[in-house]
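Enquirer: what's the 3D shape of this:
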Amino acid sequence: MNYNDIIGTIGVSMVLVAYFLNIFGLIPKEGILFFILNILGASIACYASILINYKPFVILEGTWAMVSFLGLMKNLKK
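Expert: Residues are numbered from 1 along each chain as shown. As a prediction, this is how the structure comes out:
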């Protein structure tokens, strides 16, 4: 497994853990941990996609990170 794969696996795993924890009611979908896991995971996966020059996933993960960040900001304003 090379560096790109390790970084990508870490990022995608964080997003999947957030989803799993939310689906099984272990963390709320509006909770800070949910947003943080998504922001960090998507950002790391985006970085891995940049390293391998795979633009569709750069767009997907970059957008995922931005939307999660905006969700976190909206949540913190409440």
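
Enquirer: any weak-confidence spans in the protein?
Expert: Within the chain, no stretch has pLDDT under 70.

Enquirer: where along it do the helices fall?
Expert: Secondary structure of the chain (DSSP state H): helices located at 3-23, 32-51, 55-77.

Enquirer: ranking those helices by burial, who's on top?
Expert: helix 32-51 (a mean of 20; mean count of other CB atoms under 10 Å). The way it works is simple: take the backbone N, C-alpha and C, and place the C-beta from them, glycine included.

Enquirer: Show me what it is packed up against.
Expert: Here helix 32-51 touches helix 3-23, helix 55-77, going by 3 or more CB pairs under 8 Å, 6 or more residues apart in numbering; DSSP states H and E.

Enquirer: Out of those, which is closest to C46?
Expert: helix 55-77 (3.6 Å; CB to CB).

Enquirer: tell me the angle of the closest one relative to helix 3-23?
Expert: 40 degrees (axes from the mean of the first three to the mean of the last three CA atoms, to 10 degrees).

Enquirer: what's in contact with helix 55-77?
Expert: Defining contact as CB atoms under 8 Å, 6 or more residues apart in numbering, one finds that helix 55-77 is touched by 11, 15, 30, 32, 35-36, 38-39, 42-43, 45-46, 49-50.

Enquirer: tell me the angle of it relative to helix 32-51?
Expert: Using the same axes, to 10 degrees: helix 55-77 against helix 32-51 is 160 degrees.
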